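In: Got a predicted structure here, sequence first:
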Amino acid sequence: MLSYNEFWYERGSKLTGDKRTSLIVDPPSGTIPFTDAARRRNAERAQLSNSGAGDSYEDRPVGDRCLQGFNAGPPMTPGAYNNNVQIVQIPGTVVIVTEMVHNARIIPTDGRPHTTLRQWSGDSRGHWEGDTLVVETINFRRETSLPGSTADTKVIERFTRMDGNTLKYEFTVTDPHSYTQPWSAMLPLSKIPGPIFEYGCHEGNYALPNILAGARAQEKSTP
């Protein structure tokens with residue numbers, strides 16, 4: 001069963017300018033170097049998601065709970081829809097607003113250290129290396145928007161303006177519980193003329209209570 005009709009999807013129809021067939025630039029294979037443990041977690045998560053099971057809302061993925069969009073990040077990876085991003089810079093701070101689940105990530109760039117508070121989108125700190133904004137994010141509360149990741153994930157993002165309409169977005173992910181080595185991806189962010197819109201994830205969202213109610217009904221019907 002499809003959740004949306006075709007109108008809402010943003011189907012990619014073009015390769016990147018360098019004709020890459022994978023956004024991953026390291027390792028050279030273009031694949032994510034999952035550990036065996038991460039592969040098992042991904043399989044278990046897929047089985048849980050497909051079955052609609054769960055003892056509690058805490059068992060469900062963060063996307064089901066409207067805590068993180070599947071492309072909101074960090075890192076920000078292309079998704080099926082609502083891929084738009086707004087970046088606002090003021091002295092000492094950069095704010096990245098992602099349209100998916102309408103998350104605003106506030107990134108200090110004044111040199112202050114990381115906090116020890118774990119957050120759903122982690123704790124981000126930025127600095128400039130020439131014309132490139134470098135953002136380090138640690139202290140995630142649970143998994144990130146990347147399947148199979150853990151709270152110990154570290155993400156390094158690099159934003160470089162290539163021309164008046166294009167930002168080069170690069171990120172490197174490290175998580176010893178999930179990947180056999182750090183891995184990196186790169187993609188262009190193209191300027192659009194229009195605004196971004198609020199993604200009211202909780203508005204009319206009956207998915208989570210229905211998933212849990214369905215799981216309880218299934219338990220009662222199982223001998």
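Out: Noted; the coordinates are in hand.
In: which residues touch stretch 165-178?
Out: For stretch 165-178, the external contacting residues (CB atoms under 8 Å, 6 or more residues apart in numbering) are 25-26, 34-35, 37-38, 41, 74-76, 87, 146, 148-150, 152-162, 179, 182-191. In this view, the C-beta of every residue, glycine as well, is placed from N, C-alpha and C.
In: Can you point out the buried residues in that stretch?
Out: For stretch 165-178, a neighbour-count test (16 or more other CB atoms under 10 Å) marks 167, 169, 170, 171, 172, 173, 175, 178 as buried.
In: can you give me the helices in the chain?
Out: Assigned by DSSP state H, the helices in the chain fall at 36-51, 207-221.
In: and the angle from the longest one to helix 207-221?
Out: Looking back up the chat, that one is helix 36-51. With axes from the mean of the first three to the mean of the last three CA atoms, to 10 degrees applied, the angle from helix 36-51 to helix 207-221 works out at 80 degrees.
In: Mind checking the pLDDT average for helix 36-51?
Out: Averaged over helix 36-51, pLDDT sits at 80.
In: ok, now stretch 5-23?
Out: Rounded mean pLDDT across stretch 5-23 is 76.
In: Ok, stretch 87-100 next?
Out: On average, stretch 87-100 scores 93.
In: Quick check: bridge partners of residue 86?
Out: Beta bridges link residue 86 to residue 97 when assigned by DSSP bridges.
In: how many neighbours does it have?
Out: Counted by other CB atoms under 10 Å, the residues lying close to residue 86 total 12.
In: show me where pLDDT drops low in the protein?
Out: 1-4, 48-53 (pLDDT under 70).
In: so residue 121 touches residue 106, yeah?
Out: No - using CB atoms under 8 Å, residue 121 is not in contact with residue 106; the gap is 9.7 Å.
In: Neighbour count for those two, which is higher?
Out: A direct count of neighbours by other CB under 10 Å for residue 121 and residue 106 places residue 121 higher, at 24 against 12.
In: Give the full set of residues in contact with the residue nearest the centre of the chain.
Out: In the chain, the centroid-proximal residue (CA atoms, centre = their mean) is residue 73; its distance is 2.8 Å. Counting by CB under 8 Å, 6+ apart, residue 73 makes contact with 98, 121, 144, 145, 155.
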